[in-house]
Structures are given as structure tokens and as C-alpha cells.
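A.B. asks: Sharing a model that was predicted from the sequence below.
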Amino acid sequence: MKYSLLFYETAEEVGRRESESAGEYWGAWSAYIDLLANEGVMVLGAGVGLHPPTSATTLRVENGKSLVQDGPVADSKEQLGGIVVLDVPTLDDAMKWASKAPCISAGAVEIRPVLPDPEG
Amino acid sequence: MKLIWNNLIAAAACAITLASSALVKPQEAPTGPQFVILFSEPIKSYEDRTNQNAQAYWKKWTDYIGGIQASGKMSAGSALTHPDLGLLLDEKGLGSISKRGPIVSGFLVISAKNLEEAKQIGMKSPAIEEGGSVQVRPVLPMEQHKAGQTGSGQTGMGIR
């Protein structure tokens, strides 16, 4: 079954990308993604890392007018930093892999079952 | 009644497969910078996927996604199930999906000339007319951060 992991990071954590601990930050993520790939649980090509939230643009309609806002919608404490899609037998497996994400201690991981393909 | 809905869902699901498989094959792999389009749909939309509005719901989405596919800009995408089926994991443990920000209902990875074009594509999504919102974010190419690392290079993070 396919599960999407959405990686949420605090602003402070995202800030590490450009700080003196950048090497450590990226090293941890590279190691994590390599682990997922080497264990064969990640759907290749379906995952992405995202530029920081300041690069986001949010689009919606309010009172019939299109609204384009630079920056993410809400002043959430945490922002989405990346997504992977796992293909694993159970939700427990997805949870196990999610628990190893670097952002667990500086954000959160959302685990969402993906809508199944018709073939199952 | 259930049989009818199951057949309806099966028919809609087949339509999605057709739209996303190769009804119109792009000439070549998508080129240009990659962007993620994150959809946040209201809770009603999740219900519309399987209730009496399912046919209309899926037609809008397969038309939208099919159009991106036909333009050769589609890289990947997933529709996510109802937030009640999801979990949030953090230092404190497991909980239900946080409602502090917009809840992602699905996402696409597309290629576009620039952010403006990606925004145009996002603006056409059914999520907007459903009363939801769309967030467009540039994808971070991971290759630069793998510089100096030997190995597979098969992580799939932003690599197509």
C-alpha cells in the first residue's frame, strides 16, 4: 500500500539549511532518503524536497475573486519541507519509516494513505 | 446501492488510470524546473470522491490532470485519503492530523518554464472552485546536496 510522508519542519529547522550546520542538516536527510531507497520502500520519482516556505505561492478564491499570496497560507509553526511516497505492506511499516525522519525532533511527519490505484 | 457506487468508483478509477497512463504520451520526459502543486480541499471534497457526486468530482480531476499529462508537464502525483485516516508523528508520539494549517489532499509534481506558468497551472485546478486552496512551491534539486557522495543517486528526490 502506498503512504505519503509529508515532512513538516519548524522555521528554525528550515533555517539550518543555510547555516553553519547545513552540512549536518543535508547529511541527515541524504542518509534518510538513501535508507528508504536502499530498503526498497520508497516509490522513486514520487518524492520531492521543497524550497523554503518563503518561496511558496498560495492561490485561492475569496468572494469570487482569485487571490494570489506569496508565502504560505497560515502562520503555522511548521511548514512542509518535503514529501516521499512509500510502498509498504502496512501502516505500521509506514510509521516505522516515518519515525526515522530527521524532522521528528524539529517538526512532525504526516502519514497519509494514498488513494489506491484501481488495480489495487 | 453499494454495488452501484462501487461500479461508479471503479469506472471513475479507470478514467483516472487512462488519464494518468498514456492516453496521450508526452514526446519526451518533462523538462524545465520542477514545481510541486499542493492541493488543500475542504472535507466535503473527500466525501464527494465516493458519494453521489463522485462522477462529477472525478471528471473534473481527470480532465485537469489529463490536460497536464497531454502537455508533457506531468512528473508525478498522488491523491491522499481523508485526514481521519492519517496520522501525525512527532517527538511526543502519534496523534491525529494537525489542523494548524491547510491539510494536503493531494499533490502533483510538474515541470514548467517558471513559477508563473506553474501558478497558472495550479490556478486551473478543481481545488480552487471547491473552495480549497493551492500552494505552488519550487522543487529543491537534491543533486547539489549529494555532491561528493558516491552511491546510487537513486533517491528520487526531485530527480526525474
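C.D. replies: Structure's in. What do you need?
A.B. asks: could you pull out the helices for the chain?
C.D. replies: I'll assume chain A. A:11-15, A:22-38, A:91-98 (DSSP state H).
A.B. asks: wrong chain, I was asking about chain B
C.D. replies: Under DSSP H, chain B gives helices at B:2-20, B:43-48, B:54-70, B:115-123, B:126-129.
A.B. asks: between the ones you listed, which has the poorest average model confidence?
C.D. replies: Lowest mean pLDDT of the helices of chain B: helix B:2-20, a mean of 53.
A.B. asks: Spit out the contact partners of B:Glu116.
C.D. replies: Applying Cβ atoms under 8 Å, 6 or more residues apart in numbering or on different chains to B:Glu116 gives no contacts. Yep, even glycine has a C-beta here, placed from its N, CA and C like the rest.
A.B. asks: ranges for the strands of chain A?
C.D. replies: Residue ranges of the strands in chain A, as given by DSSP state E, are A:2-10, A:48-50, A:57-62, A:65-70, A:78-87, A:107-113.
A.B. asks: what's next to the second one, contact-wise?
C.D. replies: The reference is to strand A:48-50. Contacts for strand A:48-50 (Cβ under 8 Å, 6+ apart): A:29, A:80-83, B:34, B:36, B:109, B:137-140, B:142, B:157-158.
A.B. asks: Show the average pLDDT along it.
C.D. replies: On average, strand A:48-50 scores 90.
A.B. asks: centroid residue for chain B?
C.D. replies: B:Phe107 (2.6 Å; Cα atoms, centre = their mean).
A.B. asks: Give me the pLDDT for that one.
C.D. replies: B:Phe107 is given a pLDDT of 96.
A.B. asks: Then A:Asp117?
C.D. replies: On the pLDDT scale, A:Asp117 gets 65.
A.B. asks: between the helices of chain A, which gets nearest to B:Pro30?
C.D. replies: Closest of those to B:Pro30 is helix A:22-38, at 21.3 Å (criterion: Cβ to Cβ).
A.B. asks: And that closest one, what does it pack against?
C.D. replies: The helices and strands touching helix A:22-38, judged by 3 or more Cβ pairs under 8 Å, 6 or more residues apart in numbering or on different chains; DSSP states H and E, are strand A:78-87.
A.B. asks: Could you see whether chain B lies near the strand it packs on?
C.D. replies: Yes - Strand A:78-87 is in contact with chain B by Cβ under 8 Å from any Cβ of the partner chain, via A:Glu78, A:Gln79, A:Leu80, A:Gly82, A:Ile83, A:Val84, A:Val85.
A.B. asks: Redo the strands of chain A as JSON lines? Include mean neighbour count.
C.D. replies: Converted to JSON lines, the strands of chain A look like this (neighbours: other Cβ atoms under 10 Å in any protein chain shown):
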{"stretch": "strand A:2-10", "mean neighbour count": "23"}
{"stretch": "strand A:48-50", "mean neighbour count": "25"}
{"stretch": "strand A:57-62", "mean neighbour count": "18"}
{"stretch": "strand A:65-70", "mean neighbour count": "10"}
{"stretch": "strand A:78-87", "mean neighbour count": "24"}
{"stretch": "strand A:107-113", "mean neighbour count": "24"}
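A.B. asks: Report the contact partners of the nearest residue to B:Ala56 once chain neighbours are set aside.
C.D. replies: Spatially, and ignoring its direct neighbours in sequence, B:Ala56 is nearest to B:Asp48 (7.7 Å; Cβ to Cβ, 6 or more residues apart in numbering or on different chains). By Cβ under 8 Å, 6+ apart, the contact set of B:Asp48 is B:Ala54, B:Ala56, B:Tyr57.
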